[in-house]
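Asks: predicted structure and sequence below. I'll ask about it afterward.
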Amino acid sequence: MNYFENYEYFGMHFIWWILWIFFFIWIFATPYNIPGQRMKKDTPLDLLKKRFASGEIKTKEYEDKKKILEG
């Protein structure tokens, strides 16, 4: 039996194995903290909460800006 005549290793079968290998490498080897990927971006309200928690702004200013952002 000649493998070159039946294309068992040089046809789509071979290409699918390569695709599966790259797929698993991509899933398991990709780091999770790539900038711009898999990370939630802060909303303006989140930034406002951080500024309030750090003491940059006072309660009155926080509440006024929160109403603006939510409204």
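Replies: In hand now; what should we look at?
Asks: alpha carbons only for contacts and neighbour counts from here, please
Replies: OK.
Asks: quick one, longest helix in this structure?
Replies: helix 12-29 (DSSP state H).
Asks: pLDDT (mean, whole number) over that one?
Replies: Taken as a whole, helix 12-29 carries a mean pLDDT of 81.
Asks: stretch 42-52 now?
Replies: Here the average pLDDT along stretch 42-52 is 91.
Asks: who touches that stretch?
Replies: In this structure, residues lying in contact with stretch 42-52 by C-alpha atoms under 8 Å, 6 or more residues apart in numbering are 57-59, 62, 65-66, 69.
Asks: which of those residues sits closest to F22?
Replies: Ranked by distance to F22 (C-alpha to C-alpha), the contacts of stretch 42-52 are led by L69 at 44.2 Å.
Asks: now that closest one: how far from L48?
Replies: Separation of L69 from L48 (C-alpha to C-alpha, to the nearest Å): 9 Å.
Asks: give me the more crowded residue out of these two.
Replies: Ranked by neighbour count (other C-alpha atoms under 10 Å), L69 and L48 place L48 first, with 20 against 11.
Asks: can you mark which positions in stretch 54-66 are buried?
Replies: For stretch 54-66, a neighbour-count test (16 or more other C-alpha atoms under 10 Å) marks Y62 as buried.
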